[in-house]
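S.K.: Structure for the following, please:
(one chain, ligands or ions: 1)
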Amino acid sequence: MKIKKISLRLLTTLVIGYMILAFGWWSYHLWCQNDLLFEARNDLLEARFTRKNQGLNLTQLHETAEYKAIVRQWSKGRRMIVAEALFFIFCLAFGLWVIHRSANREVTLARQRRNFLLSITHELKSPIASLRLALDTLCKHELPREKLEMLCRNGLKDASRLQTLVEDLLLAARLEDNWRPLAEPVDLPAVVRDAVAGLQIRFPKANIRAELATDFAPVLADRSGLVAVVQNLLENAVKYSPEGAPVEVAASRSNGHLTLRVADQGYGIPDVEKQAIFEKFYRLGNEETRQATGTGLGLYIVQQVVKAHGGNIQVQNNKPAGTVFTVII
Ligand code: ADP
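M.R.: Purely as a prediction, here's the structure:
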């Protein structure tokens, strides 16, 4: 694979090098031909002039219309060669830039797909394995109530992790297919409460504080979409923060707009990555060394759902540390 990559690069460099050299040589050749043509025309003119005027007076010759015409032709030829060369260089540079950009895109896409496959395999395998283990233990052993409860709680945790994953995958597939959100009345505080309760099961040490008005009027939006937005933002805030670090979620309405704000005191997102995190399958760092589980689909889903509702999402640094996601619909 590496050899193939190297030889392909070498071949491309050789072809491009040959093109540049060949073009340079032809340009030089044309340039010389143009000069030769000028000299030949000039010689001819000199001979005719000498015959006509019984002698050669260069100052007089250079004043003639014929001489001026051949000088014009000569400089026009030069201009044409320079313009052709510049146009060729421009086309070559543009072509190389386009090829380089699409090759980079392909490489990124391939890397993201590989990351996605690695993470999805891990995401599916580990809860299934731990559910099997829990069920196996329940079947084979008589357990005290306390242990039984603990096994059930862990089983529920794994089942909810699988459910979130499957819902994300389904929604991501639907979003690819020109998804249109429904406009149904959604009780946002209830959605937030459910998401917090679900996360508290999966992350018992999560420290989530919700600031929601009690008289929050229903929001006209797509229920499954809004649930995905709230769940993904909250889950990320918990996942990418040290255990027990505070996470704040607040929602408000003004001038017909809904604002949802999720702030954490976690590891933060570097400025250069703030756009890329919304790309499908994009995750920070290397998959093999990554600690938190995930597929890189969450923020892609969030942004697409928000956009489909005509809204926008912003990501900023929190103070003193962490990240703030603000959704305005
Ligand atoms: P996932 O969480 O499944 O990896 P997301 O699309 O939700 O995928 O997030 C993409 C990446 O953005 C994550 O892998 C993580 O590195 C980064 N990220 C998202 N939210 C946060 C956050 N609140 N704090 C720090 N990093 C975050």
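S.K.: For the stretch 151-300 of the chain, which residues are neighbours of the ligand?
M.R.: Residues of the stretch 151-300 of the chain that fall close to the ligand, judged by Cβ under 6 Å from any ligand atom: 232, 236-237, 240, 264, 266-269, 277, 282-284, 294-300. For every residue, glycine as well, the C-beta is placed using N, CA and C.
S.K.: Can you select the buried ones among the residues you listed for me in PyMOL?
M.R.: Only the buried entries of those go into this PyMOL selection, using 16 or more other Cβ atoms under 10 Å:
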select buried, resi 232+236+237+240+264+266+267+269+277+282+283+294+295+296+297+298+299+300
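S.K.: which ones are touching Trp74?
M.R.: 34-35, 37-38, 41 (Cβ atoms under 8 Å, 6 or more residues apart in numbering).
S.K.: mind redoing it with 6 Å?
M.R.: By Cβ atoms under 6 Å, 6 or more residues apart in numbering, the contact set of Trp74 is Phe38.
S.K.: and the next element down the chain from whatever helix or strand it lives in?
M.R.: Using DSSP states H and E, Trp74 sits within helix 65-140. Per DSSP H and E, the first helix or strand lying C-terminal to helix 65-140 is helix 145-176.
S.K.: Which strands and helices lie in contact with that next one?
M.R.: Judged by 3 or more Cβ pairs under 6 Å, 6 or more residues apart in numbering; DSSP states H and E, the packing partners of helix 145-176 are helix 65-140, helix 188-202, helix 298-308.
S.K.: Mean confidence (pLDDT) on the last one, please.
M.R.: The reference is to helix 298-308. In this model, helix 298-308 has an average pLDDT of 94.
S.K.: Now do the helices in the stretch 201-329 of the chain.
M.R.: 223-239, 298-308 (DSSP state H, counting those that start in this stretch).
S.K.: out of these, deepest packed?
M.R.: The highest mean neighbour count among these, using mean count of other Cβ atoms under 10 Å, belongs to helix 223-239: a mean of 23.
S.K.: if we can go back for a sec, just checking the helix holding Trp74 against the ligand, any contact.
M.R.: No. Helix 65-140 stays clear of the ligand (Cβ under 6 Å from any ligand atom), getting no nearer than 7.2 Å.
S.K.: Hey, what's the angle from that helix to helix 145-176? Just curious.
M.R.: Angle of helix 65-140 versus helix 145-176, following axes from the mean of the first three to the mean of the last three Cα atoms, to 10 degrees, is 150 degrees.
S.K.: hang on, the earlier thing: Val166 is nearest to which of the helices and strands packed on helix 145-176?
M.R.: Ranking the helices and strands packed on helix 145-176 by proximity to Val166 (Cβ to Cβ) places helix 65-140 first, at 9.3 Å.
S.K.: Alpha carbons only: can I get stretch 214-223 in CSV?
M.R.: This file holds the C-alpha atoms of stretch 214-223, laid out as CSV (Å, rounded to 0.1, in the frame of the first residue of the first chain):
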residue,chain,number,x,y,z
THR,A,214,-42.1,26.5,34.9
ASP,A,215,-44.5,28.2,32.6
PHE,A,216,-42.6,27.4,29.4
ALA,A,217,-45.0,27.4,26.5
PRO,A,218,-44.8,24.4,24.1
VAL,A,219,-42.3,24.8,21.3
LEU,A,220,-43.4,24.1,17.7
ALA,A,221,-40.7,21.7,16.5
ASP,A,222,-40.0,18.2,15.5
ARG,A,223,-40.1,16.1,18.7
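S.K.: which parts of it are buried?
M.R.: Here stretch 214-223 shows 216, 219, 221-222 as buried, counting by 16+ other Cβ under 10 Å.
S.K.: Lowest-confidence one in those?
M.R.: Within these, pLDDT is lowest for Phe216, at 84.
S.K.: Chain neighbours aside, what residue packs nearest to it?
M.R.: Pro189 (5.1 Å; Cβ to Cβ, 6 or more residues apart in numbering).
S.K.: same question, Ala172
M.R.: Leu297 (5.1 Å).
S.K.: Would you report the backbone torsion angles of the one you found?
M.R.: Main-chain torsions, Leu297, degrees, to the nearest 10: phi -100, psi -20.
S.K.: hang on, isn't it packed against Val166?
M.R.: No. Leu297 is beyond contact range of Val166, at 11.4 Å (criterion: Cβ atoms under 6 Å).
S.K.: Please produce a markdown table containing the helices of the stretch 201-329 of the chain, extended by distance to Gly77.
M.R.: Formatted as a markdown table, the helices of the stretch 201-329 of the chain follow (distance: least, Cβ to Cβ, whole Å):
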| stretch | distance to Gly77 |
| --- | --- |
| helix 223-239 | 65 |
| helix 298-308 | 56 |
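S.K.: wait, which of the ones you listed is closest to Thr137?
M.R.: If we rank the helices of the stretch 201-329 of the chain by Cβ to Cβ, the stretch that ends up nearest is helix 223-239, at 27.3 Å.
S.K.: and the closest one with helix 145-176, angle?
M.R.: 120 degrees.
S.K.: can you list contacts of helix 223-239?
M.R.: 171, 181, 184, 186, 191-192, 195, 199, 203, 206, 247, 262, 264, 292, 298, 301-302, 305, 325.
S.K.: What subset of these is buried?
M.R.: 171, 181, 186, 191-192, 195, 199, 203, 206, 247, 262, 264, 298, 301-302, 305, 325.
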